[in-house]
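*Asks:* quick one, structure for this:
(2 chains)
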Protein chains: 2
Amino acid sequence: MSTTTASSVLSRAKSLATSRLFSSTATTAGPSAHRALIFRQHGALNEALSTQTFRALPPPSPGLVNVRVRLAPVNPSDVNVVEGVYPNKPTPETLLTPESHGDQAFSVTGGEPVQGASEEGGVYVPGNEGVAEVTAVGEGVGGLKVGDWVVFAKTQPGTWASARQVGERDVIRVDKGAGEVSAAMLSVNPTTALCMLRDFVQLKEGDWIVQNGANSAVGQLVIQIAAQKGIRTLNFIRKRPEQDLNALQEHLTALGATHTHTYDELTDRAFVAHYKDLTSRQPPRLLLNCVSGPETTGLLRLLGRDAQLVSYGAMSKKPLGLPTGALIFRGLVARGFWMSRWYEEHAREEREALLRELVGMKLREPKHSVFTVQGGWSDEEAGKRVREVLGTAGRGAGGEKVLLRVEDPVA
Amino acid sequence: MSTTTASSVLSRAKSLATSRLFSSTATTAGPSAHRALIFRQHGALNEALSTQTFRALPPPSPGLVNVRVRLAPVNPSDVNVVEGVYPNKPTPETLLTPESHGDQAFSVTGGEPVQGASEEGGVYVPGNEGVAEVTAVGEGVGGLKVGDWVVFAKTQPGTWASARQVGERDVIRVDKGAGEVSAAMLSVNPTTALCMLRDFVQLKEGDWIVQNGANSAVGQLVIQIAAQKGIRTLNFIRKRPEQDLNALQEHLTALGATHTHTYDELTDRAFVAHYKDLTSRQPPRLLLNCVSGPETTGLLRLLGRDAQLVSYGAMSKKPLGLPTGALIFRGLVARGFWMSRWYEEHAREEREALLRELVGMKLREPKHSVFTVQGGWSDEEAGKRVREVLGTAGRGAGGEKVLLRVEDPVA
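*Replies:* Modelled structure (predicted):
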């Protein structure tokens, strides 16, 4: 994505942002003021982020709810959003209430001025996932009550904040038994893994599936969920030094992976023949792809007839190359999966059932640490600490996941 | 496709062919003997083909029918089958009756011996399309009676013959009002065009579709059928000298094409912007592809959300490259269409309805000539003439279509 495109998104946003943002001030923050991490221009986390204190949320209008965000992860895609390299751009709506409070001036008071920032620029709150608690419900909200836990079902809801006002449909109730950490990371990766295993091919116990990027967050969840359902997984990962490879293979096996191999093994005819033979009674009809590029094309030869190639990422940054004959004569269908889209298209009952099923699975909680943006800090101090801590997180080279707990600012 | 593969197909066929072929002889051909064009090893038409006289077909067993082939086209894919470069290989079943007459010896008597041919090699009758008349029906055949016209619904039925014995399900009754020539070319290309316009996207009058290879046989049928339904077509063809280009564009316009362009125009941003604008109220949701390769990828930018890319060929012989983001974020689905598969999966009523709809459309009859393999010729003479005439046909550089009328040999 070019800088031009990203900038134009930001500038298109300006008028909306300035006309519809509710007011904020650092000096008059009352006891119910709230705080968010924000960026005004794209850049690295340790340059682009600051924090911002806002006045209390207004009472929710009909169909809306106010929530207190309890915990929100820093995902690689969030880093990409701040950098401006994610295809799914945030909109300034992430910081808007539907009711305009435009008579009150908007001013940025937190953190160092972002390089090149403009007083009238749009303001964005990152954060695509998290768990929150309902603090107020608007008229006509039937499915939620104060005290309920919810996760976010719309794309880019702006979870790196202490409070948000959202549509009832933009959140889904989740059982508190999930635990705060698991719930905070429930609505994107685990749901993606479960839906992809469920929505495209009718799988039964003993069936095989193939996936690449098997050590990705989603990949590891696919392994766990498939194992619980008795589905056998043929997992592929990149080649790496032998010791790392062995350790990773052992890790995936411990999660429930049936077999794990590297892409380069696909060039060996005997290898392919072995797996064709091994799966001959249940030829794989599902290939989950987050890599694309030539290695993914190579995986097609492991598939049976009428298979579905479901893509949810393209880590190789290369296109997906398909032999046309596989489409025509072998019935291959290639499609994508996007969790945000799924949420848009499914009713509350289905969304809640999806989360319930996942909570019931007791999936392994990822290694993590929690960084609390303390209420006692000024916006300036909070911004400085956020840039320090998150500047090195989110890219985690196999490290632990960082979760944010943004406290309301203390008056 | 390598020679090895083609040869192995042929050798796999040997045992079947020798054990199950019904008998043939050139010298005792009775009044109801029949004749077929055959090949025993892959090669060019003017080397591989010969003709063969066979004894009369046995009465049809239950579920089978005997037919007299009236007319069969020479399609490019038939040439590829004889050459051994078509992915869909013929099987020796093309010349078998289900009842074995194995007590009578099989001998090849027609034509020059094919280079490298072996006495016990499998024998193949080419021909994937044609119109035939029912001459006898087996027990339990409910949907056909003697005198009915039928077209072939199975892949590689071997239509380059005077008579065939086939399963009831392998043919579809067609109205004689279609005319012999149109009926002979009805079951592959026109049906492919109609099904692709109908089965994947719900199109209504005024909608746009995009197709490449628009001057192919199927492409021209897509234009005609779409025009009859009020569907607008955005057609793409290869660049060529200006005069040829203009003539082809005029020809396609006369058939009903809304617009016709060359692939290189897609590199012009203004061109793409113009069509995005023109189709903004009905963004194309169907792209028909018989080319693949980079030009096809370029066409994706003309599509709206949730479009279907339906492939039925790959004339560029290059793979289909898809940007993964189009699959994930724009809901693109890529799949193939294969008419043989469609026939397998649809009941007699649906197949007949499909043909009826096409016959009712009065599509333009392609330029053609008929080559009659005369009953009075010996197999040797017939083979020689077939190799002469077909050696230059089938590849038709924009020339007319050749149809075969193979007469029963005169005793």
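*Asks:* how about the closest residue in space to A:Val291 that isn't next to it in sequence, what does it touch?
*Replies:* What sits nearest to A:Val291 in space, not counting adjacent residues and going by C-beta to C-beta, 6 or more residues apart in numbering or on different chains, is A:Asn212, at 4.4 Å. For every residue, glycine as well, the C-beta is placed using N, CA and C. By C-beta atoms under 8 Å, 6 or more residues apart in numbering or on different chains, A:Asn212 lies in contact with A:Gly219, A:Phe236, A:Ile237, A:Tyr263, A:Leu287, A:Leu288, A:Asn289, A:Cys290, A:Val291, A:Glu295, A:Thr296, A:Leu299.
*Asks:* what about those, which are in strands?
*Replies:* A:Phe236, A:Ile237, A:Leu287, A:Leu288, A:Asn289 (DSSP state E).
*Asks:* looking at those residues, which is nearest A:Gln249?
*Replies:* Closest approach to A:Gln249 among those (C-beta to C-beta): A:Ile237, at 7.9 Å.
*Asks:* could you give the bridge partners of that closest one?
*Replies:* Applying DSSP bridges to A:Ile237 gives these bridge partners: A:Thr262.
*Asks:* and A:Val67, what element?
*Replies:* Assigned by DSSP states H and E, A:Val67 belongs to strand A:64-73.
*Asks:* sorry, back to before: so which of the contacts of A:Asn212 sits lowest on pLDDT?
*Replies:* Minimum pLDDT for the contacts of A:Asn212 is recorded at A:Glu295 (92).
*Asks:* residues contacting the closest residue to it other than its chain neighbours?
*Replies:* Ranked by C-beta to C-beta, 6+ apart and with sequence neighbours excluded, the top spatial neighbour of A:Glu295 is A:Tyr263, at 4.0 Å. By C-beta under 8 Å, 6+ apart, A:Tyr263 lies in contact with A:Asn212, A:Phe236, A:Ile237, A:Arg238, A:Lys239, A:Glu295, A:Gly298.
*Asks:* what's the neighbour count on the last one?
*Replies:* Right, the one you point to is A:Gly298. A:Gly298 has 18 neighbours, counted by other C-beta atoms under 10 Å in any protein chain shown.
*Asks:* give me the pLDDT for it.
*Replies:* 95.
*Asks:* could you check how far A:Val126 is from chain B?
*Replies:* I think there's a mix-up here, since residue A:126 is Pro and not Val. 19 Å (C-beta to the nearest C-beta, to the nearest Å).
*Asks:* that residue contacts A:Val81, correct?
*Replies:* Yes. Between A:Pro126 and A:Val81 there is a contact at 5.6 Å, judged by C-beta atoms under 8 Å.
*Asks:* higher neighbour count, the two?
*Replies:* Neighbour totals were compared for A:Pro126 and A:Val81, and A:Pro126 leads with 30 against 23 (other C-beta under 10 Å).
*Asks:* relative to A:Asn66, how far out is A:Asp408?
*Replies:* Separation of A:Asp408 from A:Asn66 (C-beta to C-beta, to the nearest Å) stands at 12 Å.
*Asks:* what do these two both touch?
*Replies:* Both A:Asp408 and A:Asn66 are contacted by A:Ala163, under the criterion C-beta under 8 Å, 6+ apart.
*Asks:* compare neighbour counts for those two and give me the winner.
*Replies:* Counted by other C-beta under 10 Å, A:Asp408 and A:Asn66 do not tie: A:Asn66 has more neighbours, with 23 against 20.
*Asks:* once you drop chain neighbours, what's closest to that one?
*Replies:* Closest residue to A:Asn66 apart from its sequence neighbours, by C-beta to C-beta, 6+ apart: A:Ala136 at 4.1 Å.
*Asks:* now do the same contact list for the one you found.
*Replies:* Contacts for A:Ala136 were tallied using C-beta under 8 Å, 6+ apart; they are A:Leu57, A:Pro59, A:Pro60, A:Val65, A:Asn66, A:Val146.
*Asks:* give me phi/psi at the first one?
*Replies:* A:Leu57 has phi and psi values of phi -60, psi 140 when expressed as degrees, to the nearest 10.
*Asks:* so it makes contact with A:Val65?
*Replies:* No. Counting by C-beta under 8 Å, A:Leu57 stays clear of A:Val65, with 10.1 Å between them.
*Asks:* if you count surrounding residues, which of those two has more?
*Replies:* Higher neighbour count among A:Leu57 and A:Val65: A:Val65, with 25 against 20, using other C-beta under 10 Å.
*Asks:* what's across from the more buried one in the sheet?
*Replies:* Beta-bridge partners of A:Val65, as defined by DSSP bridges: A:Val137, A:Val166.
*Asks:* and the closest residue to A:Gly376 other than its chain neighbours, how many neighbours does it have?
*Replies:* The shortest distance from A:Gly376 to any non-neighbouring residue, by C-beta to C-beta, 6+ apart, is to A:Val410 (5.1 Å). Neighbour count for A:Val410, taken as other C-beta under 10 Å: 12.
*Asks:* give me the next element, helix or strand, following the helix or strand harbouring A:Glu357.
*Replies:* If you go by DSSP H and E, A:Glu357 is part of helix A:348-360. Using DSSP H and E, the helix or strand that follows helix A:348-360 towards the C-terminus is strand A:368-373.
*Asks:* around chain B, which positions in chain A sit nearby?
*Replies:* A:87-88, A:289, A:292, A:297, A:311-314, A:319-329, A:331-338, A:341 (C-beta under 8 Å from any C-beta of the partner chain).
*Asks:* and the buried ones among those residues, selectable in ChimeraX?
*Replies:* Provided next is the ChimeraX selection string for whichever of the residues of chain A next to chain B are buried by 16 or more other C-beta atoms under 10 Å in any protein chain shown:
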select /A:289,292,297,311,312,313,314,319,320,321,322,323,324,325,326,327,328,329,331,332,333,334,335,336,337,338,341
